[in-house]
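In: Coordinates for the following, if possible.
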Amino acid sequence: MSLLDDLIARSGGVCEFCGDSAGLTPVDVPPGDAAVLLCATCTDDAAPEAHWRCLEGAAWSGIPAVQVAVWRKLGGIDAAWAQEARENMTLDAATQSWAESGAPLAAIEHRDSNGALLAAGDTVVLIKDLPVKGAGFTAKRGTAVRGISLVADNAAHIEGRVEGQRIVILTEFVKKK
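Out: As a prediction, the model looks like this:
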C-alpha cells in the first residue's frame with residue numbers, strides 16, 4: 001500500500017484541512033516522513049483568507065501531522081482569528097516541538113515529460129518502450145495507462161496498470177493525455 005493510499009484511508013478520501021474531495025495530493029510535513037492529504041485549494045497559498053477558516057476545525061484533529069500542518073499554516077496567516085486559533089491549540093510536548101521546528105509544508109508535484117501537472121486518476125501515454133523488470137514484458141510506446149496513482153514520497157514516480165500488472169513508471173517517460 002502506498003503512502004497516498006494510506007492517507008486516503010486515514011482521511012476518508014477528503015482534504016484533512018477543509019474536507020473537499022477534489023484534487024487531493026499528499027503534502028510533506030517535515031522533518032521526517034509524515035504527510036497530510038490536502039485539496040488543490042489548500043495547497044494553493046493564494047487561496048482567499050475566508051477559505052482558511054476551515055483550519056479552526058482541523059486544529060482539533062487527533063493526528064499529529066495534521067496538528068503540525070494546521071499550526072504552521074495558522075502562523076502564516078496575518079489575521080487576528082488565525083493567531084487566536086493557533087494560541088488556543090493544545091499540542092503535546094513532542095508535537096509542539098515538531099511544529100516549532102519551522103520547516104514549511106512542501107507539496108510534491110508530479111509532472112510529465114512536457115511539464116504538465118499530473119493528478120491521481122489521470123490517463124497518461126508512454127512515450128518510450130519500457131522493459132518491465134520482474135514481469136517479463138515490455139510496455140510499448142503509445143500504451144495508455146488509465147487511473148494512475150501518485151507515489152507520495154517521490155515526484156519522479158507514478159503507479160499504473162499495464163497488461164494487468166501494477167507497475168511503477170518514471171514520469172519522464174509519460175505524457176498526460
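In: Let me know the average pLDDT across the longest helix that the chain contains.
Out: Of all segments of type helix in the chain, defined using DSSP state H, the longest is helix 64-75. The pLDDT scores in helix 64-75 average 92.
In: Outside of the next helix or strand after it itself, list whatever touches it.
Out: Toward the C-terminus, helix 64-75 is succeeded by helix 80-88 as the next helix or strand (DSSP states H and E). Contacts to helix 80-88, defined as C-beta atoms under 8 Å, 6 or more residues apart in numbering, come from residues 52-53, 55-56, 59, 71, 74-75. In this view, the C-beta of every residue, glycine as well, is placed from N, C-alpha and C.
In: CSV please, covering these and showing neighbour count and distance to residue 151.
Out: Output for the contacts of helix 80-88, formatted as CSV (neighbours: other C-beta atoms under 10 Å; distance: C-beta to C-beta, whole Å):
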residue, neighbour count, distance to residue 151
52, 23, 29
53, 15, 32
55, 22, 28
56, 17, 32
59, 20, 29
71, 20, 27
74, 23, 29
75, 14, 29
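In: rewinding a little: CA atoms only for the longest helix of the chain - export them in CSV, please.
Out: What follows is helix 64-75, C-alpha atoms only, in CSV (Å, rounded to 0.1, in the frame of the first residue of the first chain):
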residue,chain,number,x,y,z
PRO,A,64,-0.1,14.9,15.0
ALA,A,65,0.9,15.5,11.3
VAL,A,66,-2.4,17.4,10.8
GLN,A,67,-2.0,19.3,14.0
VAL,A,68,1.5,20.4,13.0
ALA,A,69,0.4,21.4,9.5
VAL,A,70,-2.5,23.4,10.8
TRP,A,71,-0.3,25.1,13.5
ARG,A,72,2.2,26.1,10.8
LYS,A,73,-0.4,27.3,8.4
LEU,A,74,-2.2,29.4,11.0
GLY,A,75,1.2,31.0,11.8
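In: Where in the protein is the helix or strand with the lowest mean pLDDT?
Out: Scoring the helices and strands of the chain by mean pLDDT, DSSP states H and E places strand 106-107 at the bottom, with a mean of 55.
In: Give the burial count for residue 162, as a bare number.
Out: 19 (other C-beta atoms under 10 Å).
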